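# Give me coordinates for this.
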Amino acid sequence: MDTTAPRCRPHRLAAETWLVPRLVPAGEAGFVPVNSMVITGEQPVIVDTGAVIHAKEWAEDVFGLVEPADVRWIFLSHEDADHMGSLRTAMDLCVNATLVTDFMAWQRISVHTELPLHRMRWLNPGERLDIGDRELHAVLPPQFDSPTTRGVVDSATGVMWAADAFAAPTPGEIHELGDLPAGLWDQVFMPFNSMGNPWHSWLDPDAYGRHLDTLEKLPVRVAASCHGPVLRGAGISDAYAKARAMAGAPAVPAPGQPVLDDILKAAGLIDPTG
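Just a heads-up that it's a prediction; the model follows:
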């Protein structure tokens, strides 16, 4: 783990629902969140399993909220490395848990990690999972960088896990949108979400708008994600408005070689006069 990042602790999202936050240094941008979530209800759920670089701290926080043997479900939003870093550990420790994923994610994971098929449940957008005192409604998030991605909405609390949607850096251990420095959200939303979802430049605004309309009608009171701040109330509406505005807009190019050269020079890895 990079020790320059603050050591974050679980952050309460709603009743029996916790954000498990982590930060990765991102130079002048500050830090990029790499979050997961835990629901400690009748049938506890781990939502995503973080990045490998945070494995020790992730396990300390998650299993400080819920005993491994009590975990009944591990929901994997998709198979990217920053969402499944501790998946194998969680499956081994949480012996009573079923992995909630989908066919495509399993296919991709199976080329490098063996997972027990008899401990899986494949859940597609539009389907629901009964977990005792609540249902998890699987949705296709408003933004995503993998075709396997699914988010969920908790029927008991109105918390949405939006996977990679609504990303934004943070200057430190700040998890709520309302606590970010003034103007930062407006400044970074387009570039950060464009680089992760460059397909927005090809979108038909009307067709994409219908997808967002469907999501906005869901009874969501809190929107949490892997890489962005926690959204509540007007913050959720603002995020959808910003996403709508991206439809058909030119994609923001990712940093190129000049930025890498600057990083290497700052680290003393290449001659700054070269």
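# Could you report the neighbour count for His54?
26 (other Cβ atoms under 10 Å). In short, each C-beta sits where N, CA and C put it, glycine included.
# can you list the residues that contact stretch 136-145?
45, 75, 78, 80, 100, 123-129, 149-155, 160, 162-167, 193, 196-197, 200, 211-212, 215, 218, 239-240, 243 (Cβ atoms under 8 Å, 6 or more residues apart in numbering).
# Now do the contacts for Arg232.
Counted by Cβ under 8 Å, 6+ apart, Arg232 has contacts Glu176, Leu177, Gly178, Arg221, Val222, Ala223.
# Of those, which is the most crowded?
So for those (other Cβ under 10 Å), the most neighbours sit at Ala223, 28 neighbours.
# circling back to that earlier point, could you pick out the buried ones from the contacts of stretch 136-145?
Neighbour counting with 16 or more other Cβ atoms under 10 Å marks 45, 75, 78, 80, 100, 123, 129, 149-155, 160, 162-167, 193, 196-197, 200, 211-212, 215, 239-240, 243 as buried within the contacts of stretch 136-145.
# Now intersect those residues with the strands, please.
The strands, defined by DSSP state E, take in Val45, Phe75, Val100, Leu129, Gly151, Val152, Val153, Asp154, Met160 from the buried ones among the contacts of stretch 136-145.
# My guess is the first one contacts Val38. True?
Yes. Using Cβ atoms under 8 Å, Val45 is in contact with Val38, at 7.1 Å.
# what mean pLDDT does whichever strand or helix holds Lys56 have?
Using DSSP states H and E, Lys56 maps to helix 55-65. Confidence over helix 55-65, taken as the mean pLDDT, stands at 97.
# State the number of residues packed around Val52.
14.
# Give me the spatial nearest neighbour of it, chain neighbours excluded.
Distances taken as Cβ to Cβ, 6 or more residues apart in numbering place Gly85 nearest to Val52, at 4.1 Å, with adjacent residues excluded.
# so that neighbour, which of the three states?
coil (DSSP: H, G, I helix; E, B strand; the rest coil).
# Please report how far Gly235 lies from Ala243.
Applying Cβ to Cβ, to the nearest Å, the value for Gly235 to Ala243 is 13 Å.
# ok, back up a step: run through the neighbouring helices and strands of the helix holding Lys56.
Contacts defined by 3 or more Cβ pairs under 8 Å, 6 or more residues apart in numbering; DSSP states H and E place helix 55-65 against strand 17-20, strand 36-39, helix 87-93.
# so of these, which one's packed in deepest?
strand 36-39 (a mean of 28; mean count of other Cβ atoms under 10 Å).
# Can you pull the poorly scored residue ranges out of the stretch 151-274 of the chain?
For the stretch 151-274 of the chain, applying pLDDT under 70 flags the ranges 274.
# For it, which segments count as helices?
Assigned by DSSP state H, counting those that start in this stretch, the stretch 151-274 of the chain shows helices spanning 184-196, 205-216, 234-246, 257-266.
# Show the contacting residues for the residue nearest to Val222 when sequence neighbours are not counted.
Spatially, and ignoring its direct neighbours in sequence, Val222 is nearest to Val159 (4.6 Å; Cβ to Cβ, 6+ apart). By Cβ under 8 Å, 6+ apart, the contact list for Val159 reads Leu13, Ala14, Thr17, Met37, Val153, Val220, Arg221, Val222, Ala223, Ala224.
# Please render those residues as TSV that adds distance to Phe144 to the earlier fields.
Shown next, in TSV, are the contacts of Val159 (distance: Cβ to Cβ, whole Å):
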residue	distance to Phe144
Leu13	21
Ala14	23
Thr17	22
Met37	17
Val153	15
Val220	17
Arg221	22
Val222	19
Ala223	14
Ala224	15
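# ok, the residues you listed vs Gln107, which is closest?
Met37 (24.6 Å; Cβ to Cβ).
# The closest residue to Gly228 other than its chain neighbours and Leu215, how far apart?
The shortest distance from Gly228 to any non-neighbouring residue, by Cβ to Cβ, 6+ apart, is to Phe166 (4.2 Å). Phe166 sits 11 Å away from Leu215, going by Cβ to Cβ.
# picking up where we left off before, let me know whether the residue nearest to Val52 touches His54 as I believe.
Yes. Using Cβ under 8 Å, Gly85 is in contact with His54, at 6.9 Å.
# hmm, back to that, please flag which of the contacts of Arg232 sit within strands.
Val222, Ala223.
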